[in-house]
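Trainee: dropping a prediction and its sequence here:
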Amino acid sequence: MNVEPIIQLDDVKKRFGPQQVLKGINLSIYEGKTTVIVGESGKGKSLILKHILGLIKPDSGKVLVYGKDLIKINKKDLKEIRSYFGVLFQNAALFDSMTVFDNVALPLRERTRASEEEIKKIVNEKLKLMDLEGSNEKYPAQLSGGMRKRVGLARALVLNPKIVFFDEPTTGLDVAKSNEIYRVFYRTQAKLGYTAVIVSHDVPKIFKLADYVALLHDGIIQDCLPPEDFQTSDNPFIKEFVEKTMGLIYESEEVEG
Amino acid sequence: MILLKFLNTLGELVMYYINQIGRMGIFLFNVFVNIFKLPYYKVSNITKQIYIIGSLSIFVIIFTGAFTGMVLSLQGYNTLRKFGSEGLLGSAVALSLIRELGPVLAALMVTGRAGSAICAEIGIMRNSEQIDALECMAIDPHKYIVAPKFIATIISMPLLTAIFDVIGIFGGYLVGVTLLGANEGSYFTSMYKDVEFNDIYMGFVKSLCFGLLIVWICSAKGYFVHYERKGGFGAEGVSRVTTNAVVLTSVSILVFDYFITSFLL
C-alpha cells in the first residue's frame, strides 16, 4: 500500500487507574475505505475511536489525522478537523430535548449560514435517505432503538463528512433492524463516498462491508487485514477470534462428524 | 501501614480538589471567552434561558420576598417599640432587605430552583454523550450550552433581587402598618431618608456575584460529572452531583456574602 493513510495511530497507550487498557495501538485508516475494528466487549474498542475524535488524550503515542497530531494541535485546527467528521455514537447521543428535525438540523444551524428553508430541504432529504419521513416532530424518547440510530446517522451525515465513525451501529438491535442499518450504511456510503471506521462485534456480517478488519486483543491491534486474509490469518489471536465467532455452534457435531 | 494509607488517601483527596479547582477555573475562562466570541447567539437561545432561569423563578421570589418582609416587620416592630423608635421600622426593613436579605435569599431560592436544574441538565447531557456529540460536530459546548445560561443568570439575578426587595418592603408595610399599626408616613419617610445609593449598589453587586456563583458552580459540576470522585455515572451520579452543587453553591453564597460586605462597607 503506497497511499498515505488519513488517520494514523502510532503506539497509542492509555491507562485508567491500575488498568492499562491500550498497550500501544498502531492502526492506519485509508481514504474511501471501510475499516472495522473488532474485538471483545469492554476491551477498549470505543476508546480507540475516542482517541481519534480527540475526546481523550493518550498517555503516550501519536494520533495523526490528515497528518496533524491531535495532541499538539490547537483548538481551531481541531475544530477544522472535526468538521470532516461524522459520528454515530453507541446510544446515538441524540439531544433528547429536541425533536428529530432539530437534532438533524443542529449542525446546519450552528455551523453553516444556511437559511431555514435550505435547512429544511437538506434535513428532509437526509431523513428520507434513512426512511424516516414523517418522524420530524417526534422526540428521541418516542423512537425505537433502530430509528434512533438512523436519526443519529442522519445527523452524522448532514454536513457531508469525509470520515464517518460508527460505534457499535447494530448493538441491541434485532437481526432485521441491524440488516436495515447495514443497508442504509451501504446505500449512503455508495452515494456519499465517505471513509468509514466501524467498531463492532457483529461478526461475520460486518466482514461483508469491510475493506479492512482490525482485531483488538490484549490492548494491541493484532493485525489489520482485508476480510479474506483476516479469516485465514496465522496470527493465533485472530485465528482464535475467527474460530470463536464464526465456528460451528454445535461443537459436538464436529466431534461426532 | 495505617499512617501510610491515611497519607495516601489525604494526598489523593488534595490532588482531586486541586484538579477540580483548576478544571472549574479553566471552565470559567472558556465560558467567558466564548460569551464574547463570534458568531453571536440566536436571541431565542438566550430568551429561552432567561425564561427558564428568571421568569419561572418569579413566583418563588415573590412568595419568599413577601414573607421575609413580613417577618422582618413583625420582629422589627416589636424590638423597636421597646426603644420607642417604631418610626424607624421602614428603614430597618428596607435596609436589611436591600443590603443583605434580598440578594442572599433570592440567590438561595434561585440556586434551589434553577441551579439544580442547570446542573442536572448538563450532567445528563454529559452522561448520555450529548456533550461529546457536540464536540465531535465541532460545536463548542461551552458556547452552545453553557454560555446562554451564564448570560441569562447574570441578567436575571439582579432583576429577581429587585423584585424580592420591593415585594419584601410591601410585605413589611402590610404587617407593620396595616396589622400592627405603625405610622404609615414614617414607614416610608424613614426609608427615603436612610436608604442611600450605596446600599442599592451593594445589593446590586452582591446579586451579580451570586448569579455568577450559581451558574458557574452548578454548570461546572454538571459539566464535569464524569470526574466525580465517587463515580459520576448514570442517574445516581447526576443526582449526587446535583446535591453537591446546590450545597456548595449555597455555602459559597453565604461565605462570599461576608467578604463582599466587608469589602464594600
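Mentor: Sure, I can see it. Residues are numbered from 1 along each chain as shown, chains lettered A, B, ... in the order given.

Trainee: just the helices in the chain please.
Mentor: The chain I'm using is chain A. Assignment of helices within chain A using DSSP state H yields the ranges A:45-52, A:75-82, A:100-111, A:116-129, A:145-157, A:175-192, A:227-231, A:236-246, A:251-256.

Trainee: sorry, I should have been clearer: chain B.
Mentor: Using DSSP H, helices in chain B cover B:2-36, B:43-53, B:58-82, B:89-95, B:102-110, B:116-127, B:130-136, B:141, B:147-173, B:184-194, B:197-223, B:234-264.

Trainee: got the contact list for the most centrally placed residue in chain B?
Mentor: The centre of chain B sits closest to residue B:107, judged by CA atoms, centre = their mean, with a distance of 3.2 Å. Contact partners of residue B:107, counting by CB atoms under 8 Å, 6 or more residues apart in numbering or on different chains, are B:157, B:161, B:206, B:207, B:210, B:211, B:213, B:214, B:253. Using the backbone N, CA and C atoms, a C-beta is placed for each residue, glycine as well.

Trainee: for the fifth one, which non-adjacent residue is closest in space?
Mentor: Nearest residue to residue B:210, sequence neighbours excluded (CB to CB, 6 or more residues apart in numbering or on different chains): residue B:107, at 3.6 Å.

Trainee: look up how far residue B:194 lies from residue B:227.
Mentor: Residue B:227 is 49 Å from residue B:194, where distance means CB to CB, to the nearest Å.

Trainee: can you get me a residue count around residue B:223?
Mentor: 25 (other CB atoms under 10 Å in any protein chain shown).

Trainee: just the pLDDT for it.
Mentor: Residue B:223 is assigned 94 on the pLDDT scale.

Trainee: how much space between the nearest residue to it once chain neighbours are set aside and residue A:152?
Mentor: Distance criterion CB to CB, 6+ apart; nearest residue to residue B:223, sequence neighbours excluded, is residue B:122 at 5.3 Å. Distance of residue B:122 to residue A:152, computed by CB to CB: 21 Å.

Trainee: repeat for residue A:28
Mentor: Counting by CB to CB, the gap from residue A:28 to residue A:152 is 26 Å.

Trainee: neighbour-wise, which of those two wins?
Mentor: residue A:152 (27 against 19).

Trainee: tell me who's in contact with residue 92.
Mentor: Just so you know, I chose chain A. A:140, A:148, A:149, A:151, A:152.

Trainee: you looked at the wrong chain, it should be chain B
Mentor: B:72, B:76, B:80.

Trainee: over to residue A:107?
Mentor: Applying CB under 8 Å, 6+ apart to residue A:107 gives the contacts A:155, A:158, A:159, B:137, B:139.

Trainee: try 7 Å
Mentor: Residues in contact with residue A:107 (CB atoms under 7 Å, 6 or more residues apart in numbering or on different chains) are A:155, A:158, A:159, B:137.

Trainee: neighbours of the third one, how many?
Mentor: The burial count assigned to residue A:159 is 19, neighbours taken as other CB under 10 Å.

Trainee: do residue B:154 as well
Mentor: 18.

Trainee: and it, how far is that from chain A?
Mentor: Counting by CB to the nearest CB, to the nearest Å, the separation of residue B:154 from chain A is 23 Å.

Trainee: for residue B:146, same thing?
Mentor: Relative to chain A, and taking CB to the nearest CB, residue B:146 is found at 14 Å.

Trainee: okay, now that residue: neighbour count?
Mentor: Around residue B:146 there are 26 other residues, counting by other CB under 10 Å.

Trainee: I'd guessed it sits against residue B:31; true?
Mentor: Yes: Residue B:146 sits in contact with residue B:31 when judged by CB atoms under 7 Å, with a separation of 5.2 Å.

Trainee: residues of chain B that sit close to chain A?
Mentor: B:128, B:129, B:130, B:132, B:133, B:135, B:136, B:137, B:138, B:139, B:144 (CB under 7 Å from any CB of the partner chain).

Trainee: farthest pair within those residues?
Mentor: Greatest spatial distance in these: B:128 and B:138, 19.5 Å, computed using CB to CB.

Trainee: residues of chain A that sit close to chain B?
Mentor: Selection of chain A residues close to chain B by CB under 7 Å from any CB yields A:53, A:55, A:79, A:82-83, A:85, A:87, A:89, A:91, A:93, A:95, A:107, A:110-111.

Trainee: where are the low-confidence patches of chain A?
Mentor: Scanning chain A for pLDDT under 70 picks out A:1-2, A:247-257.

Trainee: give me every residue that touches the spatially most central residue of it.
Mentor: Compute the mean C-alpha point of chain A, and by CA atoms, centre = their mean the closest residue is residue A:166, 2.0 Å away. Contacts for residue A:166 (CB under 7 Å, 6+ apart) come out as A:88, A:196, A:198, A:199.

Trainee: just put those residues in a markdown table and tack on neighbour count.
Mentor: Below are the contacts of residue A:166 laid out as a markdown table (neighbours: other CB atoms under 10 Å in any protein chain shown):
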| residue | neighbour count |
| --- | --- |
| A:88 | 26 |
| A:196 | 23 |
| A:198 | 25 |
| A:199 | 25 |
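
Trainee: just the residues you listed now: which is nearest chain B?
Mentor: Nearest to chain B among the contacts of residue A:166 is residue A:88, at 9.6 Å by CB to the nearest CB.

Trainee: tell me the spacing between the residue nearest to residue A:194 when sequence neighbours are not counted and residue A:193.
Mentor: In space, and not counting its chain neighbours, residue A:194 is closest to residue A:164: 4.9 Å by CB to CB, 6+ apart. Using CB to CB, one gets 11 Å for the distance from residue A:164 to residue A:193.

Trainee: have a look at the two and say which one is more surrounded.
Mentor: Taking other CB under 10 Å, residue A:164 and residue A:193 do not tie; residue A:164 has more neighbours (23 against 11).

Trainee: dump the residue contacts of the more buried one.
Mentor: A:86, A:156, A:157, A:194, A:196.

Trainee: from residue B:153, how far out is the second one?
Mentor: So that's residue A:156. For residue A:156, the distance to residue B:153 - CB to CB - is 33 Å.

Trainee: and what of the last one?
Mentor: Computed as CB to CB, the residue A:196 to residue B:153 distance reads 42 Å.

Trainee: over to residue B:78?
Mentor: 37 Å.

Trainee: what's the answer for residue B:176, then?
Mentor: In terms of CB to CB, residue B:176 sits 33 Å off from residue B:153.

Trainee: ok, now how distant is the residue nearest to residue B:226 when sequence neighbours are not counted from chain A?
Mentor: Spatial nearest neighbour of residue B:226, excluding adjacent residues (CB to CB, 6+ apart): residue B:232 at 5.1 Å. Using CB to the nearest CB, one gets 15 Å for the distance from residue B:232 to chain A.

Trainee: what do you get for residue B:26?
Mentor: Distance, residue B:26 to chain A, using CB to the nearest CB: 12 Å.

Trainee: which pLDDT value goes with that residue?
Mentor: According to the prediction, residue B:26 has pLDDT 95.

Trainee: tell me the phi and psi of residue B:195?
Mentor: The phi and psi torsions at residue B:195 (degrees, to the nearest 10) take the values phi -80, psi 120.

Trainee: so residue B:154 touches residue B:211, yeah?
Mentor: Yes: using CB under 7 Å, residue B:154 is in contact with residue B:211, at 4.9 Å.

Trainee: ok, now which ones touch the nearest residue to residue A:34 once chain neighbours are set aside?
Mentor: Closest residue to residue A:34 apart from its sequence neighbours, by CB to CB, 6+ apart: residue A:196 at 4.3 Å. For residue A:196, the contacting residues are A:34, A:164, A:166, A:189, by CB under 7 Å, 6+ apart.

Trainee: quick check: residue B:230 vs residue B:16, distance?
Mentor: 10 Å.

Trainee: okay, those two: which has more neighbours?
Mentor: In terms of neighbours (other CB under 10 Å), residue B:16 is the more surrounded of residue B:230 and residue B:16; the figures are 13 against 10.
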